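Engineer: The following comprises the amino acid sequence and a computationally predicted model.
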There are 2 protein chains.
Amino acid sequence: MRTFVAVVDTGQFQDAAADLSITQQAVSKRIAGLEKNLAVRLFTRTARGARLTIDGQAFLPHARELLRVAERAVASVLPGSRPLRVDVIASRTAASGLMRGFHRVHPEIELDVVMLFDVETALSAIRSGAIDASFRAVAVPGRPLPEDIESVRVLDEPLQLLTGPAHTLAGARSVTVAQLAGHRIWMPGIVPGTEWAAYYDDLVAEFGLTIEATGPNFGSDALLDTIADTPALATFMGEQTRLVWPADHGLRRIPVTDPTPVYPHSLLWRRDNPHPALAILHAHLAATVASHDAAGTWAPGWAIQR
Amino acid sequence: MRTFVAVVDTGQFQDAAADLSITQQAVSKRIAGLEKNLAVRLFTRTARGARLTIDGQAFLPHARELLRVAERAVASVLPGSRPLRVDVIASRTAASGLMRGFHRVHPEIELDVVMLFDVETALSAIRSGAIDASFRAVAVPGRPLPEDIESVRVLDEPLQLLTGPAHTLAGARSVTVAQLAGHRIWMPGIVPGTEWAAYYDDLVAEFGLTIEATGPNFGSDALLDTIADTPALATFMGEQTRLVWPADHGLRRIPVTDPTPVYPHSLLWRRDNPHPALAILHAHLAATVASHDAAGTWAPGWAIQR
DNA sequence: GAAGGTACACAACTGTGAGTTGTGCACTAA
DNA sequence: TTAGTGCACAACTCACAGTTGTGTACCTTC
């Protein structure tokens, strides 16, 4: 591809060869090989160089695009000034929504979004420099943030109840936390020891809910399937979580009140991380993000910032 | 890249090897080579397979994108069902605007836009099947359309006068064609024998204008530069042509009236071309395109459809 | 804790093919 | 014609991708 583009840019096999520091014959072979693979003639050879055929013209923008993508791919892991690498707690949560908003405002900043296992993994990744920032809930009891990690609370995401159409509460406009006592709430895939587990442990302890956090996570499809079909089962879901689900399947999202449980997202990063885009990310979040610990909401005591 | 993605998808070197019909050792070598080139570890090897490192996670979407682009690149020249290939008379004209509009409405249709030399080249390319359709002005005198080529007039693009800030007409809200007599109008890069030349020949003959079509085309930058700096010089430009030019440079676009010269764009295609997207393109253009030969406009006699 | 199984890495070997040099041919310009 | 330019073909070399064979680490099972 690089050779093809070089020939297009120079207009000659010979000059392209010089650019690539190989012989003209090698360029000839590469182009011939490419043409053979594609079963198409890319250049018309003349005595004054090479001109693109129509197939070559059609191929050219794709070739350039390929080189661009390849360059970005390499840049994504380049130890030097690689794209800003941000860990989000899960796709389709408020955190990735925040990152989408950031990308809209700053499309020039290259981003790589990854998803790590838990806050511990995220912290060691931040400390090692493997990632630049993480959206997580802090600080889980018994795990104070290290000295060199900074954090700022950026968003409280209200939890909603998700039920199937046959659930007792399916018709409610909203439910109070007290009303949820006695109902089975299913949160599969919550791994003990993670911040999710700590969050729901506190929620259970505070309001006497029945949360079944057991069972493997077979993916959100399986979860939603079960919720839709089981009248006695409900689950919690972030307000901003986008369901990938046929709209008419009868799933109901019901706001929870008195108080509204919110999941506290903080941005974590290493104080001495020199990545220029990191400061822009703080500034963006500080400017765009709603207030937290609002009246009528509940978050675990360890997350409340004094 | 394909190997990397295969390992990610299967979670194991062995299964990836089976997918690719090579040995596990070859996969190991390929991944090791990729990691060496990138100077980064992509997988953590465990006794139950391979898991992505953080660098690997960041790299993965780029790798997938690269494969997608590569596939599209091959498809762009695939003799079978390749993307619809359309020739436009020049970028930044109404024709490419039409194609952008078509792409907005039908993003699922793969397009390749090329620019051929003149209507003759376009016609032979259409007949040979190298391209599927072409936006051109027809029918130039002495060159009737072949029997097997169909055409439909799709757009009349009004010409505007483009002047520098010091030009006599720079302050005018609009000018009549009669007012242009005696002014120097410069259209470099118009090659004799092309449909552009035929168009301007007719325009000159009809209204007694002075059009200097001589001189090589050094690109639109050079043209605009000269126009901006030369008080006695102006040029024509399509109303929908987008200038890539600092807005404050003082260039003036002045509508021309009594009558408004319009450049007649037709869509040409081979009657028996079976490409499914071609019919969609006709239908789209028929539905969205404004009327032509409107009152108060002028087009060459050979272009008027009876 | 020993035995067996799984999964990846290393070593040695082989063959393809990318690159090289050398040359030929087609076209252009003087 | 003649000289010059530009790409293709031929023969050769060697690097390396892929193969077989083997080693090692780790997990599972009894």
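Structural biologist: In hand now; what should we look at? Numbering: from 1, shown residues only, chains lettered A, B, ... in the order given.
Engineer: Do you have the strands of the stretch 151-300 of chain A handy? List them.
Structural biologist: For the stretch 151-300 of chain A, the strands defined by DSSP state E, counting those that start in this stretch cover A:175-176, A:184-186, A:210-212, A:233-238, A:252-257, A:260-270, A:297-298.
Engineer: which of those strands has the lowest average pLDDT?
Structural biologist: Mean pLDDT is lowest for strand A:210-212 out of those, coming in at a mean of 79.
Engineer: what comes up buried for it?
Structural biologist: Under the neighbour-count criterion of 16 or more other CB atoms under 10 Å in any protein chain shown, strand A:210-212 has A:Ile211 buried. Any C-beta I mention is one placed from the backbone N, CA and C, and that applies to glycine too.
Engineer: Check the offset of it from the chain's centre.
Structural biologist: Offset of strand A:210-212 from its chain centre (CA atoms, centre = their mean, to the nearest Å): 28 Å.
Engineer: Parallel or antiparallel, which strands does it pair with?
Structural biologist: strand A:184-186 (parallel) (DSSP bridges).
Engineer: May I see the buried residues of the strand it pairs with?
Structural biologist: Those would be A:Ile185, A:Trp186, for strand A:184-186 by 16+ other CB under 10 Å.
Engineer: what's the answer for stretch A:126-143, then?
Structural biologist: In stretch A:126-143, counting by 16+ other CB under 10 Å, buried: A:Ile126, A:Ala130, A:Ile131, A:Asp132, A:Ala133, A:Ser134, A:Phe135, A:Arg136, A:Ala137, A:Val138, A:Ala139, A:Val140.
Engineer: List just the nearest of the residues you listed to chain B.
Structural biologist: For those, the minimum distance to chain B (CB to the nearest CB) is 4.4 Å, reached by A:Ala130.
Engineer: Distance of the residue nearest to that closest one when sequence neighbours are not counted relative to DNA strand D?
Structural biologist: Among residues not flanking A:Ala130 along the chain, B:Ile54 sits closest, at 4.4 Å (CB to CB, 6 or more residues apart in numbering or on different chains). Here B:Ile54 is placed at a distance of 20 Å from DNA strand D (CB to the nearest atom of the strand, to the nearest Å).
Engineer: Now do B:Ile54 against B:Glu206, distance only.
Structural biologist: Look at B:Ile54 and B:Glu206: by CB to CB, to the nearest Å, they are 70 Å apart.
Engineer: The two: who's more crowded?
Structural biologist: Each of B:Ile54 and B:Glu206 had its neighbours counted (other CB atoms under 10 Å in any protein chain shown), and the higher figure belongs to B:Ile54 (22 against 14).
Engineer: Near A:Leu98, how many other residues are there?
Structural biologist: 24.
Engineer: Assign a three-state SS to it, would you?
Structural biologist: Of the three states, A:Leu98 takes helix under DSSP: H, G, I helix; E, B strand; the rest coil.
Engineer: and it, what does it touch?
Structural biologist: A:Leu98 is in contact with A:Phe135, A:Val154, A:Leu155, A:His265, A:Leu285, A:Val289, counting by CB atoms under 8 Å, 6 or more residues apart in numbering or on different chains.
Engineer: Just the buried subset of these, please.
Structural biologist: Of the members of the contacts of A:Leu98, the ones counted as buried by neighbours, 16+ other CB under 10 Å, are A:Phe135, A:Val154, A:Leu155, A:His265, A:Leu285, A:Val289.
Engineer: Give me the subset of those lying in helices.
Structural biologist: Those of the buried ones among the contacts of A:Leu98 mapping onto helices are A:Leu285, per DSSP state H.
Engineer: Keep the buried ones among the contacts of A:Leu98, but drop any that are not near DNA strand C.
Structural biologist: Residues of the buried ones among the contacts of A:Leu98 in contact with DNA strand C (CB under 7 Å from any atom of the strand): none.
Engineer: could I get the buried ones among the contacts of A:Leu98 as CSV with distance to B:Ile149?
Structural biologist: Shown next, in CSV, are the buried ones among the contacts of A:Leu98 (distance: CB to CB, whole Å):
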residue, distance to B:Ile149
A:Phe135, 59
A:Val154, 61
A:Leu155, 60
A:His265, 61
A:Leu285, 59
A:Val289, 60
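Engineer: buried set for the top helix by length along chain A?
Structural biologist: The residue-count maximum for a helix in chain A (DSSP H) belongs to helix A:54-75. Under the neighbour-count criterion of 16+ other CB under 10 Å, helix A:54-75 has A:54-60, A:62-66, A:69-70, A:72-75 buried.
Engineer: Which other helices and strands does it contact?
Structural biologist: With contacts taken as 3 or more CB pairs under 8 Å, 6 or more residues apart in numbering or on different chains; DSSP states H and E, helix A:54-75 sits against helix A:2-10, helix B:54-75, strand B:111-114.
Engineer: about what we covered before: out of the strands of the stretch 151-300 of chain A, deepest packed?
Structural biologist: Of the strands of the stretch 151-300 of chain A, the one with the most neighbours on average (mean count of other CB atoms under 10 Å in any protein chain shown) is strand A:260-270, at a mean of 23.
Engineer: Measure how far that one is from the centre of its chain, please.
Structural biologist: From the chain centre to the centre of strand A:260-270 is a distance of 15 Å (CA atoms, centre = their mean).
Engineer: Is A:Asp258 in contact with A:Phe207, as I believe?
Structural biologist: No: at 9.9 Å, A:Asp258 and A:Phe207 do not qualify as touching, with contact defined as CB atoms under 8 Å.
Engineer: Using a markdown table, lay out the contacts of A:Leu98 together with distance to DNA strand D.
Structural biologist: A markdown table is the format used below for these (distance: CB to the nearest atom of the strand, whole Å):
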| residue | distance to DNA strand D |
| --- | --- |
| A:Phe135 | 30 |
| A:Val154 | 36 |
| A:Leu155 | 37 |
| A:His265 | 33 |
| A:Leu285 | 38 |
| A:Val289 | 41 |
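Engineer: now for those, which pair is the farthest apart?
Structural biologist: Greatest spatial distance in the contacts of A:Leu98: A:Phe135 and A:Val289, 11.4 Å, computed using CB to CB.
Engineer: which neighbours do the two share?
Structural biologist: Contacts common to A:Phe135 and A:Val289, judged by CB under 8 Å, 6+ apart, are A:Leu98, A:Val154.
Engineer: Return the distance of A:Ile254 relative to A:Tyr199.
Structural biologist: Noted for A:Ile254: a distance of 19 Å to A:Tyr199, by CB to CB.
Engineer: and if you look at A:Gly171?
Structural biologist: In terms of CB to CB, A:Gly171 sits 28 Å off from A:Tyr199.
Engineer: now A:Gly56
Structural biologist: 58 Å.
Engineer: Can you get me a residue count around A:Ile22?
Structural biologist: Using other CB under 10 Å, A:Ile22 has 14 neighbouring residues.
Engineer: Give the helix, strand or coil label for it.
Structural biologist: On the basis of three-state DSSP, A:Ile22 is classed as coil.
Engineer: next one: the one 10 residues further on
Structural biologist: The three-state label for A:Ala32, taken from three-state DSSP, comes out as helix.
Engineer: Per-residue pLDDT of it, please?
Structural biologist: Listed pLDDT for A:Ala32 reads 88.
Engineer: Tell me what angle the helix or strand of chain A with the lowest mean pLDDT forms with strand A:252-257.
Structural biologist: Using mean pLDDT, DSSP states H and E, the weakest-scoring helix or strand in chain A turns out to be helix A:220-229, at a mean of 72. Helix A:220-229 and strand A:252-257 are oriented at 90 degrees to each other (axes from the mean of the first three to the mean of the last three CA atoms, to 10 degrees).
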